[in-house]
Structure formats: C-alpha cells, structure tokens
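Novice: 3D model of this:
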Amino acid sequence: MTNGVAQNEWSTERAARVALIVGAAGALAALVGALFNATQFFRSYLFAYIFWLTIPVGSLAVLMLHFVVGGRWGVMIRRLLEAATRTLPLIALLFIPLLFGLGAVYPWAAATHVAGDWVMAHKAGYLNAPFYIVRAVLYLGLWSILAFFLNRWSLQQDQETDPGAGKRLRRLSGPGLLIFLLTVTFASFDWLMSLEPHWYSAGYGLQWVVNHGLTAFAFAIVALSLLGGRDPFVGRLSAQHFHDLGNLLFAFVLLWAYMQYAQFHIIWSGNLPHSIPWYIRRSAGLWGWMALGLAIFHFAVPFFLLLMRHIKRNSNVLLWVASGILVMRLFDTFWMIVPSFEHPDGALHWLDFALIAGIGGLWLALFLWQLEKRPLLPLREPLLLEENTAHG
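Specialist: As a prediction, the model looks like this:
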C-alpha cells in the first residue's frame with residue numbers, strides 16, 4: 001500500500017467521522033426544535049428525508065441498469081452504487097419518525113379536514129394512515145430486498161470464477177427495474193402528491209423516477225472524481241469513463257427538463273382547474289425566483305456545459321458540474337414539496353437546514369463506512385478482466 005493510498009483511506013475515514021458529528025449535531029438541534037414546533041419539524045423532516053432517499057434508491061436503479069445493459073461506465077461506479085444501496089436499512093429506519101407526524105404533514109390524515117372535504121372523503125379508501133403505512137413498508141421492503149440480493153451476488157462474483165452470480169444479477173435486474181418504476185411512482189403519489197389531495201398529475205411519478213436517476217448519477221460522479229486518485233482506480237480510470245458518465249448525466253438533465261416542461265404544458269394548455277393552483281402557488285414571491293433559478297442552473301447551465309467534450313473528459317471540471325446539479329436537486333426537492341404547506345412565518349425555516357445536515361450526515365457516514373468494506377472495483381467483472389487482459 002502506497003503512502004498516497006493510505007492518506008486517501010485515512011481521509012475517507014476522517015470524512016465519515018466528520019459526517020457523523022455533523023449528523024449528530026443536526027439531529028440534536030432538530031429534536032430541540034421539535035419541542036417548540038412539532039408541525040414544522042415533521043414538514044422539514046419530510047423534505048430532508050426525500051432528498052437523501054433519492055440517492056440510495058436512485059443508485060439501486062442505476063446499478064440494475066448497468067447489470068442489464070452493461071458498459072464500462074458502470075464498472076467504475078458499481079462499488080459506489082452498491083455502497084449507497086447498502087444504506088437502505090437506515091433509510092427505512094429513518095422513515096419511522098414520519099409516522100408520528102402524519103396529521104401535521106398530510107391533510108387527509110386529519111379527520112377534521114376529511115369531514116369537510118368531499119374530495120378527501122372520496123379518496124379516503126386509499127389515503128388513510130393504515131394503508132399508507134402498509135404501502136410504505138412494501139416500497140422500502142422491496143428496495144431493501146433488491147439491494148440485498150444484488151450486493152450478495154456481486155460479492156459472490158468476486159469470490160468465485162463461475163459466471164452464475166453474474167447471470168443472477170442480470171436476471172434480477174430486469175424485473176427489478178420494473179419494480180423500481182412502479183414503487184417510486186406510487187411512493188411519489190403517497191408521500192408527495194398527496195400533500196395536496198386536490199391536485200394530481202399523471203406524469204408526477206415519472207418526474208420522480210427521473211429525479212432519482214439524475215441525483216444518483218450526479219452523486220456517483222462526485223464520489224468517483226474524489227476517489228479517482230487512489231488504488232485501484234489508478235491506471236484504470238480514464239477520461240473516456242468520465243466522458244461516458246458525463247453523457248449519461250447530460251441525458252438525465254434533458255429528461256428532467258422535458259418532464260418539467262411536458263407536465264406544465266399539458267396543464268397550462270388544457271386549462272385544468274384542479275392542477276393550475278399547484279403552479280400558481282410555486283410561481284409567487286420566493287417560489288417564482290426559485291423556479292427561475294432552477295430553469296437556469298438546473299437546466300440551461302448544465303446543458304451548455306455538458307455539450308462540451310473537454311468538460312466531460314475532465315474529472316475536476318465534471319466534479320463541479322455534478323456538484324452543482326446535486327445542489328439544484330436539493331432546491332428542486334424543496335420547491336416541489338415545501339409550497340404545499342402554509343407558511344405564515346415565511347417559506348424558509350432553520351429546521352430545514354438542521355434536518356438536511358442531520359439526516360445527510362448520518363447517511364454519508366454510513367455510506368463511507370460501507371464503501372471501505374469492499375474493493376472499490378469488482379475484481380471479477382468480465383469487462384474489467386477484458387481491460388486487464390488488453391493492458392497486459
């Protein structure tokens with residue numbers, strides 16, 4: 001082991017400790033805030049939880065996509081994606097606090113609201129606490145099961161020479177992508193669209209499917225760029241790998257913009273009375289400026305930057321582009337969720353920041369610890385073996 005690698009590993013361990021400290025401090029501050037304003041605590045918790053959820057669940061989808069279609073781009077980020085999916089038990093555990101604040105977050109969970117609203121009364125067969133919890137357990141359970149078997153068989157592929165594990169990975173990933181599509185769609189209906197029970201959109205679930213993929217790719221590129229200078233990436237990680245990942249990131253930026261525009265265009269041109277208030281609420285005051293910022297920095301700027309070949313092949317520059325997209329993903333999540341609530345004291349609250357730090361610090365610490373448990377490259381991946389043979 002070289003001194004450079006030892007230093008890098010020590011830095012990863014130190015980063016995990018710092019993340020844990022930040023997470024603990026944020027969680028403690030949020031718990032104190034909950035004593036004074038429980039309603040705001042649960043609303044901020046939902047926003048922070050959903051943002052951090054998209055990384056491991058999106059990583060699960062990208063991992064399965066790699067196993068289905070192949071490609072050298074996936075080999076380099078495979079261990080990063082796997083480490084992210086192994087945090088899903090923590091994500092499932094962190095869902096529990098939301099169950100104690102359903103009435104503070106969802107109008108349909110408050111009997112007084114349902115009694116005087118025929119729309120919510122009509123949807124009560126689906127939007128009720130017991131059925132909501134059952135569905136949440138199903139979503140989180142299916143994601144965790146998929147992650148468990150993918151990680152198990154991936155480890156077996158490293159430990160044995162027969163191709164059985166690789167075949168099982170591909171056979172599970174096809175149906176797994178369909179499960180991902182359905183569960184993320186319905187989870188977005190349950191956890192987010194039902195924040196405003198009078199509003200609905202057929203494309204809302206697909207928006208969140210794209211959001212998961214975009215967030216996962218951006219996070220993987222950031223992590224790969226930061227770890228690219230350590231073994232075993234040295235000598236194997238090339239500008240072409242970053243170019244391929246940059247192209248995929250570009251594709252998901254376009255998909256995000258298309259889904260946003262398509263939903264807005266359908267609602268606007270159709271003059272749909274049940275849907276227009278959702279956009280009116282998000283175009284007034286601070287929300288309107290945030291929407292403009294998203295159009296510029298979530299789409300226009302990344303679009304033009306990722307058109308340039310030399311940017312996609314430069315890991316340092318691509319790191320900044322992907323980091324910027326991650327920040328914009330945080331703002332987009334905020335813009336989609338928080339306007340659903342009434343804000344007599346303004347849209348921003350310090351609990352939003354405390355819980356982003358609290359949940360994020362805990363998640364990042366676990367991710368970094370999981371990352372150190374396995375080699376950073378799959379040792380017996382056929383595509384990697386081919387590259388080794390060619391270089392040899």
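Novice: now do the contacts for residue 149.
Specialist: Under the criterion of CB atoms under 8 Å, 6 or more residues apart in numbering, the contact partners of residue 149 comprise 168, 172. Where you see a C-beta, it was placed from the backbone N, CA and C, and this is true even at glycine.
Novice: next, it: secondary structure please.
Specialist: Taken by DSSP: H, G, I helix; E, B strand; the rest coil, the conformation at residue 149 corresponds to helix.
Novice: equivalent analysis for residue 367, please.
Specialist: If you use three-state DSSP, then residue 367 falls in the helix class.
Novice: so what's it up against?
Specialist: For residue 367, the set of contacting residues under the criterion of CB under 8 Å, 6+ apart consists of 83-84, 87.
Novice: what helix or strand is the residue nearest in space to the middle of the chain on?
Specialist: When CA atoms, centre = their mean is applied to the chain, the residue found nearest the centroid is residue 54 (1.8 Å). Residue 54 belongs to helix 38-69 when elements are defined using DSSP states H and E.
Novice: quick check: next helix or strand after that helix?
Specialist: Counting by DSSP H and E, the element after helix 38-69 in chain order, helix or strand, is helix 72-85.
Novice: tilt between that next one and helix 38-69?
Specialist: 140 degrees (axes from the mean of the first three to the mean of the last three CA atoms, to 10 degrees).
Novice: dump the residue contacts of the closest residue to residue 84 other than its chain neighbours.
Specialist: In space, and not counting its chain neighbours, residue 84 is closest to residue 59: 3.8 Å by CB to CB, 6 or more residues apart in numbering. Under the criterion of CB under 8 Å, 6+ apart, the contact list for residue 59 reads 80-82, 84-85, 216, 219-220.
Novice: okay if I get the residues you listed as TSV plus neighbour count, distance to residue 206 and pLDDT?
Specialist: Converted to TSV, the contacts of residue 59 look like this (neighbours: other CB atoms under 10 Å; distance: CB to CB, whole Å; pLDDT from 0 to 100):
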residue	neighbour count	distance to residue 206	pLDDT
80	22	25	97
81	30	22	98
82	22	26	98
84	28	22	98
85	28	22	98
216	27	16	98
219	26	21	98
220	27	21	98
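Novice: of those, which pair is most distant in space?
Specialist: With distances taken as CB to CB, the most widely separated pair in the contacts of residue 59 is 82 and 219, at 13.2 Å.
Novice: need the longest helix for the chain.
Specialist: As far as residue count goes, and with DSSP state H defining each element, the longest helix of the chain is helix 3-36.
Novice: against which helices or strands is it packed?
Specialist: Using 3 or more CB pairs under 8 Å, 6 or more residues apart in numbering; DSSP states H and E as the contact test, the elements touching helix 3-36 are helix 38-69, helix 350-371.
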